[in-house]
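S.K.: here is my input, please return the structure:
(chains A and B)
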2 protein chains.
Amino acid sequence: MDLKPTKPLSGFIELLPAQQRCFDYCAARMQNILRLAGFSMLDLPAIERAEVLTDKDNWDEIETQMFLFQKGDTKMGLRYDGTVGLSRYVAGHLNDLTFPFRASQFSKRYRGERAQRGRYREFYQMDLDIMGINSLSTNYDAEIISVIGRALDSVSEFIGPNEVLIGSRPFWDALFDWLEMTQDQKKDVFVLIDKKDKMGDQDFAEGLQDTLNDKTKENLIKSVFTDGYSQFINKSDKLNSAISELTQFAKTLDEIGVKNAKIDLSITRGLAYYTGLVFEFKLINHPELGTAAGGGRYADLAGKFSKTKIIGVGAAIGFSRIFAAMLENDQIDLTRFESPIDVAVLVMGDNNVGYATQITNTLRDNNIATVSYLDTEKKFKNQIEYADKIKSKFSIIIGDDEVKNQQISVKNMSSGEQQSLSVTDAINLIKKAI
Amino acid sequence: MDLKPTKPLSGFIELLPAQQRCFDYCAARMQNILRLAGFSMLDLPAIERAEVLTDKDNWDEIETQMFLFQKGDTKMGLRYDGTVGLSRYVAGHLNDLTFPFRASQFSKRYRGERAQRGRYREFYQMDLDIMGINSLSTNYDAEIISVIGRALDSVSEFIGPNEVLIGSRPFWDALFDWLEMTQDQKKDVFVLIDKKDKMGDQDFAEGLQDTLNDKTKENLIKSVFTDGYSQFINKSDKLNSAISELTQFAKTLDEIGVKNAKIDLSITRGLAYYTGLVFEFKLINHPELGTAAGGGRYADLAGKFSKTKIIGVGAAIGFSRIFAAMLENDQIDLTRFESPIDVAVLVMGDNNVGYATQITNTLRDNNIATVSYLDTEKKFKNQIEYADKIKSKFSIIIGDDEVKNQQISVKNMSSGEQQSLSVTDAINLIKKAI
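M.R.: Numbers count the residues shown, from 1 in each chain, chains lettered A, B, ... in the order given. The predicted structure is shown next:
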């Protein structure tokens, strides 16, 4: 019989144990920051009804990027982000939750596109969202940015420093209105701005010309990226309002201690969802990873599920995009994740398994990570080799003498020092060393 | 526009925040037991190639119980257990892992059957497996049982005590051989034994008669459940070997401190995988939950993926089956999971957001779970109502006076006591109380 393939499907992440420990460690640190900031951890289904995942009109467009399937009469699929499930959940539990409601999800999401180099089809994102009924101060937008910064800072030993770029949907809306652009022009120029960084200045300028064919308008739009947004003050009420929101927001960020933020109106977060301020985090030392986290504000998060107006500000941290990528590229020193075992208990002879297991369990009860080697017929040489290979900090040898004397032989695996001790003394010695 | 449904698909679990905190707390406690016992936490893809999930010959049979789909030319599907991915992973990483290798997975699995009351289509299991190359002492079977017992005991405040029932595949093989049963008879009788508890003694007896039509053989098989297995000693070498394994295993369990085990040869763990000892954990106070955990030994875990013989002993704890079920049925007192917030910071006026956020972040840095109420135009009455609703233990009020005096007003939400304190004194007061 032919052997089946042992590699996972392309686009799917599979880490070795030490890599996984690092991944889990970073997730736990970041989740702790979110928990201390009052976010409730939610764990929603990975499968949703197809009608929840997509509106019928753009079904085809999205279908190519989704895993969809049918059971009985029900069409369903795997979620591609955390927002769609969250808005359904919150709309369904309006009376069970207290608003503003802070929610976080750390979960796998799926993109059903064909395999491409460097693109994950299954990946973790860590979402955080704050939702209010009918109103929600932009102070919460600042709070989300502050908390993401703190979460990323909590693992800066691995990923280095970060910065956050702030964009504004309302600014562009107001500018496009003032420039008296048509609906089609607005849409096309917005797409150009969204892709500006990727396409470069020349192509961007040509794109503007193709769309607008009006040198004055083209130059005004280009000037946003060179001369800033303040030049448009007092051009229209809408522009004033958008500019004042941006200015006030920058001031709030500064006051609450977010020092790594700057306004960058090329940040638009694509075409979906957002209606207010938007933002993207970058890792300063890792430009190759692109956007580390991104989010913004929705004026009506759950309009498809509820008549109650739920305003949300939320973001997703590209957890796999950052950590799986860095781990797969060997960009993280894994030394400290390679020796999770404190003690290997080596057992000479089946008749000593009982005593060895009692010792093992006593160590575990004392928060000492302990494995026992229970192929007791194996020679001492093989057993100590095992302790060495798993990089355990200590080994304890249990043979007939140890059982008779109720003493255990404790070896420090790095110094080689070996002592015969009571169990209590052994625990004290080990706890001091680990 | 019609509103979309807010309920998840039937068979999918969705918990409220306090329920989720309890679920996560139990998972973390149990995972800590496994980590201290030296198990490496693995997180494998939820999607596997169809050929990995199933052999071609029984495709149709399993398809009805799987979520399968196709992207490009590749057929794939969602895993239904943790073993299939684990065996692929271990076979693909023989040189990266040290054996005996201890692995644990806490992950979602999927059953694509049609929705049925009380059956989950997405559920968590917590697996633990120990794998050896070419040999693996049955001491490891005892170790797995011991560790599962300790994991379940770590959450006994919620689920009560447990017991474990031990069965043996080799015993039935040996008995069937000695009774000179045909292959078809062996298979059919094994199915009957597997279903014995569900079908009752009468139907079981009739099933045996239909299959064997031999009173002597039928009575001998029935006598296993009334008179035990020792009566078959010295009937054949195979029977002696199976009986001695069981007797020795019971002795080992006793020696290593597993006092809640008993031999019960009606335990067979269905038709798949296992080749040696098998076992099932039951929750004594919750018979309605059925099997809480089950597992056994495989002589050749990864034969489909590798020519290297990997012997495994493993088990899956039905985590959702236990905890999601108990939470959904309100069988767990959630009081202690209902107030995760230590402090609510209430902010009077937008100009105080900066100072309030500094305080908030200082509290969080001191491991105090803190939320800030940032709709600063809301009246004090609304803000304190929020602190009350989220059941925060303290509230801190930040207004103009507090900023001017660099003192904060701290209110104990249960006693109502309110004090004006320096930030340091406030932190000390709160840390003592939480």
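S.K.: list the backbone torsions phi and psi for the residue of the stretch 201-350 of chain A found nearest chain B.
M.R.: Residue of the stretch 201-350 of chain A nearest chain B, by CB to the nearest CB: A:Glu255 (3.1 Å). Every C-beta, even on glycine, is put in place using the N, C-alpha and C of the backbone. Dihedral angles of A:Glu255 (phi, psi; degrees, to the nearest 10) stand at phi -60, psi -40.
S.K.: so it is in contact with B:Asn352, correct?
M.R.: No: the pair formed by A:Glu255 and B:Asn352 falls short of the contact definition of CB atoms under 8 Å, at 9.7 Å.
S.K.: re the thing from before, burial check on the residue of the stretch 201-350 of chain A closest to chain B, number of neighbours?
M.R.: For A:Glu255, the count of nearby residues is 18 (other CB atoms under 10 Å in any protein chain shown).
S.K.: which residues touch it?
M.R.: The neighbourhood of A:Glu255, defined by CB atoms under 8 Å, 6 or more residues apart in numbering or on different chains, consists of B:353-354, B:357.
S.K.: near chain A, list only the ones from those.
M.R.: If you filter these for contact with chain A, counting by CB under 8 Å from any CB of the partner chain, you are left with B:353-354, B:357.
S.K.: who wins for neighbours among those?
M.R.: Neighbours here are counted as other CB under 10 Å. On that basis the top member of the ones next to chain A among the contacts of A:Glu255 is B:Thr357, with 24 neighbours.
S.K.: how distant is the helix or strand it falls within from the center of its chain?
M.R.: Under the assignment given by DSSP states H and E, the secondary-structure element containing B:Thr357 is helix B:353-365. In terms of CA atoms, centre = their mean, to the nearest Å, the centre of helix B:353-365 is found 38 Å from the chain centre.
S.K.: what's the next helix or strand after it in contact with?
M.R.: Per DSSP H and E, the first helix or strand lying C-terminal to helix B:353-365 is strand B:370-373. Outside strand B:370-373, the residues that touch it by CB under 8 Å, 6+ apart are A:36-38, A:100, A:102, A:143, B:341-347, B:356-357, B:360, B:363-364, B:383, B:386-387, B:390, B:392.
S.K.: among those residues, which are in strands?
M.R.: Taking DSSP state E, the ones among the contacts of strand B:370-373 that sit in strands are A:102, B:343-347.
S.K.: save these as CSV, and put in distance to B:Gln418 and pLDDT too.
M.R.: Below are the ones in strands among the contacts of strand B:370-373 laid out as CSV (distance: CB to CB, whole Å; pLDDT from 0 to 100):
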residue, distance to B:Gln418, pLDDT
A:Arg102, 25, 98
B:Val343, 14, 98
B:Ala344, 14, 98
B:Val345, 15, 98
B:Leu346, 12, 98
B:Val347, 17, 97
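S.K.: what's the closest of these to B:Ile332?
M.R.: When these are compared for distance to B:Ile332, the smallest value, 23.6 Å, is given by A:Arg102; criterion: CB to CB.
S.K.: bridging residues for the closest one?
M.R.: Residues found in beta-bridge contact with A:Arg102 (criterion: DSSP bridges) are A:Ile130.
S.K.: SS state for A:Met30?
M.R.: Reducing the assignment at A:Met30 to three states with DSSP: H, G, I helix; E, B strand; the rest coil gives helix.
S.K.: quick check: closest non-adjacent residue to it.
M.R.: Leaving aside its chain neighbours, A:Met30 sits nearest to A:Ala151 (4.3 Å; criterion: CB to CB, 6 or more residues apart in numbering or on different chains).
S.K.: right, and that neighbour touches A:Leu34 too?
M.R.: Yes: applying CB under 8 Å, one finds A:Ala151 in contact with A:Leu34, separated by 6.3 Å.
S.K.: now list whatever residues contact both of those two.
M.R.: A:Met126.
S.K.: A:Met413 contacts A:Ile397, correct?
M.R.: No: using CB under 8 Å, A:Met413 is not in contact with A:Ile397, being 11.9 Å away.
S.K.: the more surrounded of the two?
M.R.: A:Ile397 (23 against 19).
S.K.: re the thing from before, would a markdown table of the contacts of A:Glu255 with pLDDT be doable?
M.R.: Conversion of the contacts of A:Glu255 to a markdown table gives the following (pLDDT from 0 to 100):
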| residue | pLDDT |
| --- | --- |
| B:Val353 | 97 |
| B:Gly354 | 96 |
| B:Thr357 | 97 |
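S.K.: which of these sits closest to A:Ile332?
M.R.: Distance from A:Ile332 was checked for each of the contacts of A:Glu255 by CB to CB. The minimum falls on B:Thr357, at 31.4 Å.
S.K.: nearest spatial neighbour of the residue nearest the centre of chain A, chain-adjacent residues omitted?
M.R.: Nearest to the mean C-alpha position of chain A, by CA atoms, centre = their mean, lies A:Phe319 at 2.8 Å. In space, A:Phe319 comes closest to A:Tyr124 once its chain neighbours are excluded; the distance is 4.2 Å by CB to CB, 6+ apart.
S.K.: enumerate the beta-bridge partners assigned to that neighbour.
M.R.: In this structure, A:Tyr124 has beta-bridge partners A:Lys108, where bridges are defined by DSSP bridges.
S.K.: give the contact list for it.
M.R.: Applying CB under 8 Å, 6+ apart, one finds that A:Tyr124 lies in contact with A:27, A:106-109, A:319-320, A:324.
S.K.: for A:Thr6, same thing?
M.R.: When contacts are counted by CB under 8 Å, 6+ apart, A:Thr6 touches B:88-89, B:91-92, B:305-306.
S.K.: and it, its phi and psi?
M.R.: phi -100, psi -10.
S.K.: what's the answer for A:Ile148, then?
M.R.: The phi and psi torsions at A:Ile148 (degrees, to the nearest 10) take the values phi -60, psi -40.
S.K.: can I assume it is in contact with A:Lys282?
M.R.: No: counting by CB under 8 Å, no contact exists between A:Ile148 and A:Lys282, whose distance comes to 11.9 Å.
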